[in-house]
Each structure stands twice: as C-alpha cells, then as structure tokens.
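S.K.: okay, predicted coordinates and the sequence, questions at the end:
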Amino acid sequence: MACRGYFLALDEPRIALVLAQDGDDEGLIEVIKELDMTDVPDECGVDKAWDGIHRCLTEGRLGGEDGTYPLNAVVLGGLPLYQGDDYVVSYNTPAEVREVAAALTELDLEPFTAKYWALDPDEYGAVVDQGELAYLTRYLREITAFYQRAAKSGWASLFVADQ
C-alpha cells in the first residue's frame, strides 16, 4: 500500500454513520470508501506528508499519544477507529476540530522546522532536506486551511491513511 493520507470533514449524518461502525474494521472501511465516492462536506489530501507533519507537531515519533494536545490530534492523536494493521483512521469531534484549528492558526513554524531538522532520516524513512521541508510545510498550510473551514462549519474530521 502507498501510505497516502487524507482528511474528510464529517457533518452530523456522516459522523453517525462512521461512529456506528465501532469495532467493525471492515464496516468502517466500507463506509469510508462510500464517503470517498460521495460528496463529503470537505476533504484534504496530504499524500505521504502526514507522517512528517505529525512528527514535527509532536516529539518526532509516529504515534497517536506522542506530543501534547491539540497539536498531536492534527493527524494521529484523535480517537483511533480502526484496530487492524491495514489502515490508520483517526477521528476528531467538532469541538476538537475547533481546538486543533485554533492551535494550527497560531502555530509558530520555527519549532516545527527545528523538529524537522532534528528527525533521524533512518527512523523517519525519508531524506531530511530543504525539498522535503517545503513539501511538509505546503501540506501543513493545506491542513490548516481544512481545519479552519471545518471548525467554522462545525464539522468533525476523519484522518485516513492506508498502511
């Protein structure tokens, strides 16, 4: 699989549909695939940048419990909905989306950049250079805009990545 990630905004009916799959990984992925083929309120593709962005917003590792809230909830720190190994699915409530949007809006890029340059390329699994940093910051701007739109509209968010 490609490890590409994306965010979906969820309104109330879609929140209920996703949360109704509690504990059913196969059902959850089917619902997500259906949402992908319909008009969700908003979406944001992030390619493989989600990994580096999460590491730079937290403590440099890849895990939902790394870092501090609300920045750790941007990508992986929300409620994990998928329990298997094939996907990562993380859910943030509308209230959490508002808090994440506010934190991203106020984000100082200097610590983000410092954490990026401190990444171990072997652990990160990618080269650490200026081009990769530009790639991450471009997608970080898109994620910030996504969260701002979702917060303004009162939507929840779902982050999805295949493994």
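M.R.: Perfect, thanks for sending it.
S.K.: who's in contact with Trp50?
M.R.: Listed by Cβ atoms under 8 Å, 6 or more residues apart in numbering, the contact set of Trp50 reads Gly5, Val75, Tyr139, Phe159, Ala161. In short, each C-beta sits where N, CA and C put it, glycine included.
S.K.: and the residues you listed, which are buried?
M.R.: Gly5, Val75, Tyr139, Phe159, Ala161 (16 or more other Cβ atoms under 10 Å).
S.K.: tell me the one among those residues nearest to Arg14.
M.R.: Nearest to Arg14, judged by Cβ to Cβ, of these is Phe159 at 14.4 Å.
S.K.: helix/strand/coil for the closest one?
M.R.: Secondary structure assignment for Phe159 (DSSP: H, G, I helix; E, B strand; the rest coil): strand.
S.K.: find the nearest non-adjacent residue to it, please.
M.R.: Ser90 (4.4 Å; Cβ to Cβ, 6 or more residues apart in numbering).
S.K.: just Thr144 next, same as before
M.R.: Per Cβ to Cβ, 6+ apart, closest to Thr144 is Leu104, 4.3 Å.
S.K.: quick one, strands of the protein?
M.R.: 5-10, 43-47, 79-80, 87-92, 156-162 (DSSP state E).
S.K.: redo the ones you listed as TSV? Include distance to Tyr116 and mean pLDDT.
M.R.: Output for the strands of the chain, formatted as TSV (distance: least, Cβ to Cβ, whole Å; pLDDT from 0 to 100):
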stretch	distance to Tyr116	mean pLDDT
strand 5-10	18	98
strand 43-47	16	97
strand 79-80	25	97
strand 87-92	21	97
strand 156-162	19	97
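S.K.: among those strands, which is nearest Pro111?
M.R.: Pro111 lies closest, by Cβ to Cβ, to one member of the strands of the chain: strand 43-47, at 20.2 Å.
S.K.: other SSEs contacting that closest one?
M.R.: Judged by 3 or more Cβ pairs under 8 Å, 6 or more residues apart in numbering; DSSP states H and E, the packing partners of strand 43-47 are strand 5-10, helix 130-153.
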